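A.B. asks: Give me a model of this one.
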Amino acid sequence: MRRGRCVVQLRDQRILYVGGSHEDFYDPDFCIYNDVVVEQIDGTYEIFAYPERIFPPSDFQSATVVGHELYLIGSLGYRDRRRPGETQTLALDLDTLAMRPVETFGDGPGWVYGHQAEWNRARNAIAIWGGQRMVWKGDEMESEQLGEARYELDLATQLWTAT
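C.D. replies: Residues are numbered from 1 along each chain as shown. Predicted coordinates:
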């Protein structure tokens, strides 16, 4: 049982289960995963595990299919690995299942999670909205609502803009 995982059904009918967490952070069995489980059309499963430097343990991220890639944006993640001000962005090649970090620039939403995402084909951009982000308040990291804020990632330039 995983909370905060992404479930994506592809055009070829495969189903991808991405990341997620088991239990709450205070539970001794708590774990955040950095894997992709592929449910094949015939009902069999394959598990793809990645090095943490390529795919950090992630939960409550968004997953957006763009062509032959699945863009994963955001994560709640482990407390000590959150980076307020940065926006974790990864891309999964849907043909090879190779994962790669995506370096982004500009006015991004910060350390977001639990948000919505949508690809705009005409603009070749992913828009995100809703959810929460982690921010520094004094010496403490806290969660705040994104509210009405919308952000867009231009996939040609990897540039974030607030819209």
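A.B. asks: Who are the contact partners of Ser21?
C.D. replies: Ser21 sits next to Arg2, Arg3, Gly4, Arg5, Phe30, Cys31, Ile32, Tyr33, Asp59, Leu76 when contact means C-beta atoms under 8 Å, 6 or more residues apart in numbering. All C-beta atoms are positioned from the backbone trio N, CA, C, and that covers glycine.
A.B. asks: Just the buried residues of the residues you listed.
C.D. replies: Arg2, Gly4, Arg5, Ile32, Tyr33, Asp59, Leu76 (16 or more other C-beta atoms under 10 Å).
A.B. asks: Which residue lies nearest to the first one in three dimensions, sequence-adjacent residues excluded?
C.D. replies: Spelled out, that is Arg2. In this structure, Arg2 finds its nearest non-sequential neighbour in Gly20, 3.2 Å apart by C-beta to C-beta, 6 or more residues apart in numbering.
A.B. asks: Do I have it right that the one you found meets Val7?
C.D. replies: No. Gly20 is beyond contact range of Val7, at 9.2 Å (criterion: C-beta atoms under 8 Å).
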